[in-house]
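*Asks:* Model the structure of this input:
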Amino acid sequence: MENLAPKIYRQRCVVEGLYTADITPSKLKKFMNDLSVKVGMTIIYGPIVKNLAGKVNPKHKGFECILIWAESGASVYTWENEKFFTLDLYSCKKYDINVVVEFTKEFFKATKIVYKEA
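*Replies:* Okay, here's the model as predicted:
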């Protein structure tokens, strides 16, 4: 993909996994707050946790959590029935993907985890 804005640093990653942890809204908020600290980001809005998708389609029962950083933002989605999560990070500030993956693996008590940087 052509870099249309080479003067603007951008880092993206997606982390997905299968989890065994008991996920609640308060735990998910703590995860996002703690993750923000670990990667050195400044929260300016959120985290906000909802469970709206499952109300529309029971297949998607779980939680949606978003936050906005001064440096961009992150979102995490869980599917309770499949014990699956996906975390998306986008930042205009460099962060260590290994820190993100290890912290996420520990929090979710992931039995399997994969990630991709873009």
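*Asks:* Name the nearest residue to Val114, sequence neighbours excluded.
*Replies:* Glu16 (5.5 Å; Cβ to Cβ, 6 or more residues apart in numbering). The C-beta positions use only the backbone N, C-alpha and C, and glycine is treated the same way.
*Asks:* Low-confidence ranges, the protein, go.
*Replies:* The model of the chain has no residue with pLDDT under 70.
*Asks:* can you pull up the bridge partners for the residue nearest to the spatial centre of it?
*Replies:* The structure's the chain has its C-alpha centroid closest to Leu87; by Cα atoms, centre = their mean the separation is 3.0 Å. Beta-bridge pairing for Leu87 (DSSP bridges): Val15, Val76.
*Asks:* so what's it up against?
*Replies:* Contacts here follow Cβ atoms under 8 Å, 6 or more residues apart in numbering; on that basis Leu87 touches 14-16, 74-76, 100, 104.
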